[in-house]
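A.B. asks: predicted model and sequence below, questions to follow.
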Amino acid sequence: MMFSPDQTTIGFIGIGVMGTSMATHLHHAGYEVHLYTRTKAKAQPLLEKGMHWADSPSELAKQCQCIVTIVGYPRDVEEVYLGEDGLLNHASPGCVLIDMTTSSPLLAKRIYKAAAEKGMHALDAPVSGGDVGARNAALSIMVGGDAEAFRQAEPILRLMGSNIIRQGEAGAGQHTKMVNQIAIASNMIGVCEALVYAKSAGLDPASVLKSIETGAAGSWSLQHLAPRIIAGRFEPGFFVKHFIKDMGIALQSAEEMAIRLPGLELARKLYGELADAGFGDEGTHALYKLWEMNK
């Protein structure tokens with residue numbers, strides 16, 4: 001049975017840069033949405049729209065047939081799902097659990113197995129598209145898990161994203177997100193170096209961008225983040241500190257598969273320097289500041 005607003009209560013854990021918009025889309029579609037986040041004040045604007053508060057993951061789990069999570073780090077995912085007060089100890093059989101955090105493929109498999117043992121269904125469904133994609137319900141959603149659970153959850157996923165593909169069994173969504181992050185990491189270095197070169201050559205970076213963004217150099221980062229760099233706007237669509245976490249997961253997974261990714265290693269080193277300089281809470285395009293600092 002696919003989920004529908006008149007039969008399904010959705011739990012949503014993680015009200016951050018992206019989660020706020022994602023939960024709002026579910027609410028606007030007519031679903032009853034119950035919220036939990038560590039800092040209740042973050043949820044207050046959503047509660048004022050008519051969403052419901054739960055004091056803990058366990059309280060939320062008891063009321064919902066489908067639960068979406070998008071939290072910070074794998075350790076947070078592990079606590080929310082596998083902790084004593086976690087979802088798997090309190091949700092009902094048949095519940096579909098959708099983790100949209102970028103997390104470890106191995107952890108996704110652990111959660112899937114533990115959920116199956118209790119008659120629940122777990123999907124790992126990380127996203128790409130940042131704050132803009134979340135706000136416009138245009139996220140790319142990469143899903144791992146059983147085909148039937150995916151079919152059941154797909155109407156909910158389509159309220160948050162526009163490019164939704166089941167990539168395979170449990171863990172496949174997280175592996176696909178690692179592919180995404182690997183591609184972004186080296187590309188972001190290229191975007192920053194290109195803008196530094198344009199400025200150093202005495203060109204107008206905004207004019208240069210118009211020439212190259214639709215050609216062979218074009219990318220999502222060049223189109224959406226380069227204008228922010230030019231304007232000096234470094235607020236996060238996706239945090240530097242979370243990108244560092246993602247690159248760490250990808251490098252660990254690569255090590256497990258006995259492959260080396262030198263481009264990703266370089267990006268991880270540069271972003272580490274950026275975080276050490278105090279910019280961990282800015283957007284990933286703040287990498288540009290390394291060149292500004294080293295003039």
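C.D. replies: Nice, I can see it. Residues are numbered from 1 along each chain as shown.

A.B. asks: could you pull out the helices for the stretch 51-200 of the chain?
C.D. replies: Along the stretch 51-200 of the chain, the segments classed as helices by DSSP state H, counting those that start in this stretch run 57-61, 74-82, 105-117, 130-135, 147-157, 172-200.

A.B. asks: rank those by pLDDT, which is bottom?
C.D. replies: Looking at these, the lowest mean pLDDT belongs to helix 130-135 (a mean of 91).

A.B. asks: how far is that helix from where the chain is centred?
C.D. replies: Computed by C-alpha atoms, centre = their mean, to the nearest Å, the chain-centroid distance of helix 130-135 equals 10 Å.

A.B. asks: any idea which of the helices of the stretch 51-200 of the chain is most buried?
C.D. replies: By mean neighbour count, with neighbours taken as mean count of other C-beta atoms under 10 Å, helix 57-61 ranks first of the helices of the stretch 51-200 of the chain at a mean of 22. C-beta coordinates here come from the backbone N, C-alpha and C atoms, glycine included.

A.B. asks: can you add distance to Ile230 and give the helices of the stretch 51-200 of the chain back as JSON lines?
C.D. replies: Output for those, formatted as JSON lines (distance: least, C-beta to C-beta, whole Å):
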{"stretch": "helix 57-61", "distance to Ile230": "42"}
{"stretch": "helix 74-82", "distance to Ile230": "34"}
{"stretch": "helix 105-117", "distance to Ile230": "36"}
{"stretch": "helix 130-135", "distance to Ile230": "17"}
{"stretch": "helix 147-157", "distance to Ile230": "34"}
{"stretch": "helix 172-200", "distance to Ile230": "7"}
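
A.B. asks: to Ser92, which of these lies closest?
C.D. replies: Among the helices of the stretch 51-200 of the chain, the nearest to Ser92 by C-beta to C-beta is helix 57-61 (7.9 Å).

A.B. asks: which elements pack onto the closest one?
C.D. replies: Contacts defined by 3 or more C-beta pairs under 8 Å, 6 or more residues apart in numbering; DSSP states H and E place helix 57-61 against strand 9-13, strand 32-36.

A.B. asks: swap in 6 Å and give it another go.
C.D. replies: Helices and strands touching helix 57-61, by 3 or more C-beta pairs under 6 Å, 6 or more residues apart in numbering; DSSP states H and E, are strand 32-36.

A.B. asks: can I get the next helix-or-strand element following the strand it packs on in CSV, CA atoms only?
C.D. replies: Once the chain leaves strand 32-36, the next helix or strand it forms, by DSSP states H and E, is helix 40-47. The C-alpha trace of helix 40-47 is given here as CSV (Å, rounded to 0.1, in the frame of the first residue of the first chain):
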residue,chain,number,x,y,z
LYS,A,40,12.9,22.8,19.7
ALA,A,41,13.3,26.5,18.8
LYS,A,42,14.4,25.5,15.3
ALA,A,43,11.0,23.7,14.8
GLN,A,44,8.9,26.6,16.2
PRO,A,45,8.1,28.2,12.8
LEU,A,46,6.9,24.8,11.5
LEU,A,47,4.8,24.2,14.7
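
A.B. asks: quick one on the thing from earlier: right, and the helices of the stretch 51-200 of the chain - which one's nearest Phe3?
C.D. replies: When the helices of the stretch 51-200 of the chain are ranked by proximity to Phe3 (C-beta to C-beta), helix 147-157 comes first, at 5.6 Å.

A.B. asks: which strand in this protein has the most residues?
C.D. replies: Identified as the longest strand of the chain according to DSSP state E is strand 161-168.

A.B. asks: let me see the mean pLDDT of it.
C.D. replies: Strand 161-168 shows a mean pLDDT of 98 in the predicted model.

A.B. asks: and Ala206, how many residues sit next to it?
C.D. replies: Neighbourhood size, Ala206 [other C-beta atoms under 10 Å]: 12.

A.B. asks: so which bits of the longest strand of the chain are buried?
C.D. replies: Gly161, Ile164, Arg166, Gln167 (16 or more other C-beta atoms under 10 Å).

A.B. asks: sweet, I'm off.
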